[in-house]
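Participant: The amino acid sequence is not available; the structure is as follows:
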């Protein structure tokens, strides 16, 4: 259902750093914010894959270079939280 079809007070969307362009993605998040809707995020870990305790080797190498050490789950949630 389209956000403008009813006077909704909140919506739920799939959103994570791999799905910015899937389903409604970032554009839908921005539209919901424009409408003043509360947003519930589903799949912030993309089915658990973004929160694995041991990420794939290439990702692990990138995480090792971070100044602040965090788990993959924390990075995934911080990414979502940084998109009002």
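Facilitator: Yep, that arrived. Since this is a predicted model, take the numbers as computed values, not measurements.

Participant: got a list of what the spatially most central residue of the chain touches?
Facilitator: Nearest residue to the geometric centre of the chain (C-alpha atoms, centre = their mean): residue 16, 2.7 Å. If a contact means C-beta atoms under 8 Å, 6 or more residues apart in numbering, then residue 16 has 41, 43-46, 50, 76, 79-80 as its contacts. (Each C-beta comes from the backbone N, C-alpha and C, glycine too.)

Participant: Looking at those, which has the smallest pLDDT value?
Facilitator: Least confident of those in the model: residue 50, at 86.

Participant: Tell me both backbone torsions, phi and psi, for residue 12.
Facilitator: Main-chain torsions, residue 12, degrees, to the nearest 10: phi -120, psi 130.

Participant: Find the residue closest to it in space, skipping its chain neighbours.
Facilitator: The shortest distance from residue 12 to any non-neighbouring residue, by C-beta to C-beta, 6 or more residues apart in numbering, is to residue 40 (4.2 Å).

Participant: Checking that neighbour next. Helix, strand or coil?
Facilitator: Judged by DSSP: H, G, I helix; E, B strand; the rest coil, the three-state class of residue 40 is strand.

Participant: Let me know how buried the closest residue to residue 38 other than its chain neighbours is, in neighbour terms.
Facilitator: Nearest residue to residue 38, sequence neighbours excluded (C-beta to C-beta, 6+ apart): residue 10, at 3.7 Å. By other C-beta atoms under 10 Å, 9 other residues sit near residue 10.

Participant: next one: residue 76
Facilitator: Look at residue 76: counted by other C-beta under 10 Å, it has 21 neighbours.

Participant: would you list every one of the strands in this structure?
Facilitator: Here the chain has its strands, by DSSP state E, at 10-14, 38-42.

Participant: Report the mean confidence score over the first one.
Facilitator: Rounded to a whole number, the mean pLDDT of strand 10-14 is 93.
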